[in-house]
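have a look; sequence and predicted model below, questions after that.
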Protein chains: 2
Amino acid sequence: MAATTFETIYTTLRERILNGSYSIKMRLPIEDDLIAEFSSSRYAVRKAIEKLAADGLVYSVKGRGVVLLEHTPQTQAFNLDLGKLNGLQKLNTNRKLNYQTDVLQFEQVIVDQALSTKTAFEVGIPVYAIQRLRIIDDVRAVLDINYFNAQLTGELTEDIAVHSIYHHLKQNGLKIAVVKRMLRVESATALDQQQLALGENNCIGNMISIAFNDAGRQFEYTESHFIPNQFNFNQLIRN
Amino acid sequence: MAATTFETIYTTLRERILNGSYSIKMRLPIEDDLIAEFSSSRYAVRKAIEKLAADGLVYSVKGRGVVLLEHTPQTQAFNLDLGKLNGLQKLNTNRKLNYQTDVLQFEQVIVDQALSTKTAFEVGIPVYAIQRLRIIDDVRAVLDINYFNAQLTGELTEDIAVHSIYHHLKQNGLKIAVVKRMLRVESATALDQQQLALGENNCIGNMISIAFNDAGRQFEYTESHFIPNQFNFNQLIRN
DNA sequence: GAGTGGTCTAGACCACGGT
DNA sequence: CCGTGGTCTAGACCACTCC
């Protein structure tokens, strides 16, 4: 906890909102009151409110005030994991899950034209091509197909792939700045059918991610193929 | 175009980034230079940069500068429709699409316990229950299942449902403040199988949306069931 | 140590909502 | 009209990056 001024205000207000301290009036106190309460500047108060708005908890209306958005037990799920790095959120569970990873493929290849078209990596650069099966509670739930720009990640090993590549990259000083994602529903490929516990289903969810380091370079292209009925993907649209 | 100071700066910088004017150095000019160029305050410059960052175009690094994120023709699709209201983005097409709507169901019902659990609407209030089939270029692509809180939307008619309910609501002064979405891949129901052009596929994408007006009240619960291989869903995660 | 973005303050005026 | 959030200015100091 860095605990800048606005973070303190944000955390305090967030807790009050979730507690229901403000729920009767459906309004946040006006800015001047919050400035007085926290003995802070308007900047800090407004930044805290902006963060609450980004969380989907409040909405500011010019001339009126800051409105609380209704939230019920049912709609809590919409507020969770709004753009967390780890992406897929398991449905209906708070208990600890049992994870296992099978590395199906691990090799270094040179990007050709076809792979470049798909991944946006430049032709000729070396990348790691990795396929991993994620087994969650003994269910073959996710097939990860990764391509990492070897020049940006440094050396990777199969042992790292079994554990967490992201954890390794962070430890080696790679800063993950931004991840862009695209989600689709697709007909299952032969590989999906073979590897995943699809049951009667013949489609998959495909979460395509491209990740950028803090120099703005794309170091990863990943497709995560996942089975139906198990995962969630959240989004918040603000006007 | 309201054209506040920061919007002008934002638009100008955005155009330059997309033009490639800055691409060689992979950096934006430093804040002081932008302040000088636009004869504006630091506030306006920083707000413009923050908007570019929200678009996934740049990333600020304390002590270093504002970095441009790599973008190639392939990765353009990741930048489109980041949280647009209309949600589903049709894959691979810029041409004009031919839309048709069939209203399958249109009735007013009172929320019972089961519907309340699903929609988060209070038991006992009147809602419109609407089912519409969206036919895009003669393909039965999307099945919309809507529930609107009648107390918040005012009267709706089947004729409105054939056209655009959102358009009607906006015209009647309802301000759509926030939409929260959850996307899943699900096994197709009998209704989906019957109505949608699923072909061999036996799954659908389900985009569940809850929408709030500018008083913070949830006025809508909607499930959009859509066929595989046709739609995109974008997300940006920032560190 | 120099350069850069992040936080913070204290003010001002404007635009919108409601009375 | 008053109350409110949105925009904007001019400054200060801090934290981080890079040389």
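It's in.

low pLDDT regions in chain A?
Residues of chain A that meet the criterion pLDDT under 70 lie in A:1-2, A:80-96.

is any part of the one helix or strand residue A:186 maps to close to chain B?
Using DSSP states H and E, the element containing residue A:186 is strand A:176-187. Yes - Strand A:176-187 is in contact with chain B by CB under 8 Å from any CB of the partner chain, via A:176, A:177, A:178, A:179, A:180, A:181, A:182, A:183, A:184, A:185, A:186, A:187. For every residue, glycine as well, the C-beta is placed using N, CA and C.

strand partners (parallel or antiparallel) of that strand?
Sheet pairing of strand A:176-187 (DSSP bridges) gives strand A:203-213 (antiparallel), strand B:231-238 (antiparallel).

would you mind finding the most buried of those strands?
Mean neighbour count (mean count of other CB atoms under 10 Å in any protein chain shown) peaks for strand A:203-213 among those, with a mean of 24.

what's the first helix or strand after that strand?
As assigned by DSSP H and E, the chain's next helix or strand after strand A:203-213 is strand A:218-226.

quick one: that next one to strand A:176-187, angle?
30 degrees (axes from the mean of the first three to the mean of the last three CA atoms, to 10 degrees).

output the contacting helices and strands for strand A:218-226.
Applying 3 or more CB pairs under 8 Å, 6 or more residues apart in numbering or on different chains; DSSP states H and E, one finds that strand A:218-226 makes contact with strand A:139-149, helix A:150-153, strand A:203-213.

which parts of stretch A:152-161 are buried?
Within stretch A:152-161, the residues that count as buried by 16 or more other CB atoms under 10 Å in any protein chain shown are A:152, A:153, A:156, A:160, A:161.

can you put the helices and strands packed on strand A:218-226 in a markdown table and add distance to residue A:42?
Formatted as a markdown table, the helices and strands packed on strand A:218-226 follow (distance: least, CB to CB, whole Å):
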| stretch | distance to residue A:42 |
| --- | --- |
| strand A:139-149 | 44 |
| helix A:150-153 | 41 |
| strand A:203-213 | 33 |
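
of those, which is nearest DNA strand D?
strand A:203-213 (10.9 Å; CB to the nearest atom of the strand).

does that closest one reach DNA strand D?
No - judged by CB under 7 Å from any atom of the strand, strand A:203-213 stays clear of DNA strand D, getting no closer than 10.9 Å.

now that strand and strand A:139-149, what's the angle there?
Using the same axes, to 10 degrees: strand A:203-213 against strand A:139-149 is 30 degrees.

how about exporting the longest helix anywhere in chain A as CSV, limited to the C-alpha atoms?
Longest helix in chain A by number of residues (criterion: DSSP state H): helix A:5-19. What follows is helix A:5-19, C-alpha atoms only, in CSV (Å, rounded to 0.1, in the frame of the first residue of the first chain):
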residue,chain,number,x,y,z
THR,A,5,-3.7,10.9,-0.4
PHE,A,6,-6.1,10.0,-3.1
GLU,A,7,-5.6,6.2,-2.6
THR,A,8,-6.5,6.7,1.1
ILE,A,9,-9.7,8.6,0.1
TYR,A,10,-10.5,6.0,-2.5
THR,A,11,-10.1,3.1,-0.2
THR,A,12,-12.2,4.7,2.6
LEU,A,13,-15.0,5.7,0.2
ARG,A,14,-14.9,2.3,-1.4
GLU,A,15,-15.3,0.5,1.9
ARG,A,16,-18.2,2.8,2.9
ILE,A,17,-20.0,2.1,-0.4
LEU,A,18,-19.6,-1.6,-0.1
ASN,A,19,-20.7,-1.4,3.5
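
after that helix, which helix or strand is next?
Helix A:5-19 is succeeded, C-terminally, by helix A:31-38 (DSSP H and E).

just how off-centre is the helix or strand following that next one within its chain?
Following the chain from helix A:31-38 toward its C-terminal end, the next helix or strand by DSSP H and E is helix A:42-54. Taking CA atoms, centre = their mean, to the nearest Å, one finds helix A:42-54 lying 22 Å from the centre of the chain it belongs to.

and what of stretch A:172-190?
9 Å.

now do stretch A:189-198
24 Å.

what's the answer for stretch A:60-78, then?
Per CA atoms, centre = their mean, the centroid offset for stretch A:60-78 relative to its chain is 22 Å.

list the contacts of that stretch.
A:17, A:22-23, A:26-28, A:30, A:49, A:53, A:56-59, A:79, A:232, A:234, B:117-120, B:177-178, B:180-182, B:210, B:212, B:214-218 (CB atoms under 8 Å, 6 or more residues apart in numbering or on different chains).

spit out the contact partners of the residue of chain A found nearest chain B.
With CB to the nearest CB, the shortest gap between chain A and chain B falls at residue A:203, namely 3.5 Å. By CB under 8 Å, 6+ apart, the contact list for residue A:203 reads A:185, A:186, A:187, A:188, A:228, B:185, B:201, B:202, B:203, B:228.

now render those as a markdown table, adding distance to DNA strand C.
A markdown table is the format used below for those (distance: CB to the nearest atom of the strand, whole Å):
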| residue | distance to DNA strand C |
| --- | --- |
| A:185 | 36 |
| A:186 | 37 |
| A:187 | 42 |
| A:188 | 42 |
| A:228 | 40 |
| B:185 | 36 |
| B:201 | 44 |
| B:202 | 47 |
| B:203 | 42 |
| B:228 | 40 |
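
DNA strand D versus residue A:109, what's the distance?
Applying CB to the nearest atom of the strand, to the nearest Å, the value for residue A:109 to DNA strand D is 30 Å.

bridging residues for that residue?
Judged by DSSP bridges, the bridge partners of residue A:109 are residue A:127.
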